[in-house]
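K.L.:
need a structure here:
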Amino acid sequence: MSTSGTVLDSMGAYVLPGRVPDPRAAVGQARAAEHLGLGSVWLSERWGTKDLGVLVGAIGQATEHVRIGSGITHFGVRHPLTLASTAMTAQALTGGRFVLGVGRSVAATWRSVGLPAVTNAVLVDTADIVRRLCRGEKVSYDGPAGSFPKMRLGDLPDAPPPAIVLAAIGPKSLELAGRHFDGVLLHPFLTPEAVGRSAERVRKAAVDAGRDPSAVRVYATVVSAPDLTAEEEGAVVAARAVTYFQIPGFGENLVSVNGWDAAPLDTLRAHPMFSGIRGAADHHYTRHQLVDVARELIPRAWIESSAAVGTAGACAAQLRAYLAAGADEIALHGATPELLGPMLQHVTHP
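P.N.:
Residues are numbered from 1 along each chain as shown. So this is what the prediction gives:
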């Protein structure tokens, strides 16, 4: 953190946060992120208007320097050969700026679309298959990830395989990232202390596996809402928090990692808005529809300790706390890049 350039290169921002009917805004948001000097932009894939391959291609041609990460996609929704092809096409189009972020998601998601749950063995084996294909190897495989008699990419660009980063919350997934992946993308709404503990677990797992722990990047995802009105902050932060804490199992993981009392989860899930719904609340409601219940039922202390809210200066101090706790990079979620300028000035000139 010796120069402003170094600090900003360790920062990234999500484009198209939340539900969007029109993905074209991603291009302008990515350009704004690059203009601000950020080191990366991130894409949260959502079926319908946020397809990873299409957006990486568009953003790659509209920018020159920022790294472009998927935060996240899933192995199970694409054949390994197709995913490797997408990855290497992205590497060719961007000059090697693509980062492949993948995750597990909950088993109920895959059951609802007729796909099997993603196990640790599937994650590890598929990552290895994709890497090998991206290196130009011929791959034959029969195991937990599927049966693939013979696979190989055709033409390959003069670019390395992308880094593969695993999204993780719990201890087993963190250790898996340290042992087998190029980095870990931590979930939103972790406190700096929780990020520090998570980073330690990842790096210890890397050491135990005989890997260089400094080669495993730790990305902290931080929901940020600098200088927003109360209504805007509620939609960007608190309503987004509802979509995570309301999901059984998911909320418990976040509460456990942060060391919080889990009692508010029961009150939240008993609200009439969530009776009988499955999956994340933002599949059923807009963030603005969730603002009132979010303010009422998500403890303010949870928000203030696990996100960057308030003035631009206060948000910047929180981001510095995440870096000091052990994050190598921060992926800013929530407010779109064009709203981040004042906060980033405070980050570089505290």
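
K.L.:
those strands in the stretch 51-200 of the chain, which residues are they?
P.N.:
With DSSP state E, counting those that start in this stretch as the criterion, the stretch 51-200 of the chain has strands at 67-70, 98-102, 139-143, 146-151, 163-168, 183-186.

K.L.:
can you list the ones you listed in JSON lines and add mean pLDDT?
P.N.:
Converted to JSON lines, the strands of the stretch 51-200 of the chain look like this (pLDDT from 0 to 100):
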{"stretch": "strand 67-70", "mean pLDDT": "98"}
{"stretch": "strand 98-102", "mean pLDDT": "98"}
{"stretch": "strand 139-143", "mean pLDDT": "98"}
{"stretch": "strand 146-151", "mean pLDDT": "97"}
{"stretch": "strand 163-168", "mean pLDDT": "98"}
{"stretch": "strand 183-186", "mean pLDDT": "98"}
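
K.L.:
Isn't Ala280 up against Arg240?
P.N.:
No. Counting by C-beta atoms under 8 Å, Ala280 stays clear of Arg240, with 10.0 Å between them. For glycine as for every other residue, the C-beta is placed from the backbone atoms N, C-alpha and C.

K.L.:
which one of those two has more residues nearby?
P.N.:
Counted by other C-beta atoms under 10 Å, Ala280 and Arg240 do not tie: Arg240 has more neighbours, with 28 against 17.

K.L.:
Burial check on the residue lying closest to that one once chain neighbours are set aside, number of neighbours?
P.N.:
Among residues not flanking Arg240 along the chain, Val223 sits closest, at 6.0 Å (C-beta to C-beta, 6 or more residues apart in numbering). As a burial measure, Val223 scores 23 neighbours (other C-beta under 10 Å).

K.L.:
In terms of pLDDT, where does Val223 sit?
P.N.:
Note on Val223: pLDDT of 98.

K.L.:
Assumed it was part of a strand.
P.N.:
Yes. Assessed by DSSP: H, G, I helix; E, B strand; the rest coil, Val223 belongs to a strand.

K.L.:
Pretty sure it sits against Glu304.
P.N.:
No. Contact criterion C-beta under 8 Å: Val223 and Glu304 do not qualify, at 11.6 Å.

K.L.:
Now do the helices in the stretch 251-350 of the chain.
P.N.:
In the stretch 251-350 of the chain, the segments counted as helices under DSSP state H, counting those that start in this stretch are 263-269, 287-297, 300-306, 312-325, 341-348.

K.L.:
So for Val7, which of those sits nearest?
P.N.:
helix 341-348 (5.4 Å; C-beta to C-beta).

K.L.:
any idea how far Gly103 is from the residue nearest the centre of the chain?
P.N.:
What sits nearest the mean C-alpha location of the chain, by C-alpha atoms, centre = their mean, is Gly71, with 3.6 Å. Distance, Gly71 to Gly103, by C-beta to C-beta, to the nearest Å: 9 Å.

K.L.:
Find residues that contact each of these two.
P.N.:
Common contacts of Gly71 and Gly103 (C-beta atoms under 8 Å, 6 or more residues apart in numbering): Ala167, Leu185.

K.L.:
isn't Gly95 right up against Ala159?
P.N.:
Yes. With contacts counted by C-beta under 8 Å, Gly95 reaches Ala159, the gap being 7.2 Å.

K.L.:
Which one's more surrounded, those two?
P.N.:
Ala159 (19 against 13).

K.L.:
need the contact list for the more buried one.
P.N.:
So Ala159 contacts Met88, Gln91, Ala92, Gly95, Gly96 (C-beta under 8 Å, 6+ apart).

K.L.:
Excluding sequence neighbours, find me the nearest residue to the second one.
P.N.:
It refers to Gln91. Leaving aside its sequence neighbours, Gln91 is closest to Ala159 (3.9 Å, by C-beta to C-beta, 6+ apart).

K.L.:
and the one you found, how far is that from Ala84?
P.N.:
For Ala159 relative to Ala84 (C-beta to C-beta), the value is 13 Å.

K.L.:
Tell me how many other residues surround Ala321.
P.N.:
18.

K.L.:
was I right about it contacting Pro192?
P.N.:
Yes. Counting by C-beta under 8 Å, Pro192 is a contact partner of Ala321 at 4.2 Å.

K.L.:
Spit out the residues that contact these two alike.
P.N.:
Contacts common to Ala321 and Pro192, judged by C-beta under 8 Å, 6+ apart, are absent.

K.L.:
could you measure Pro80 against Arg217, distance?
P.N.:
23 Å.

K.L.:
higher neighbour count, these two?
P.N.:
Here Pro80 and Arg217 are compared on neighbour count by other C-beta under 10 Å; more neighbours surround Pro80, at 22 against 19.

K.L.:
wait, what's in contact with the residue lying closest to the more buried one once chain neighbours are set aside?
P.N.:
In space, Pro80 comes closest to Ile129 once its chain neighbours are excluded; the distance is 4.7 Å by C-beta to C-beta, 6+ apart. Counting by C-beta under 8 Å, 6+ apart, Ile129 touches Pro80, Ala84, Val139, Tyr141, Ala145, Phe148, Met151.

K.L.:
beta partners for the fourth one?
P.N.:
In this structure, Tyr141 has beta-bridge partners Phe148, where bridges are defined by DSSP bridges.
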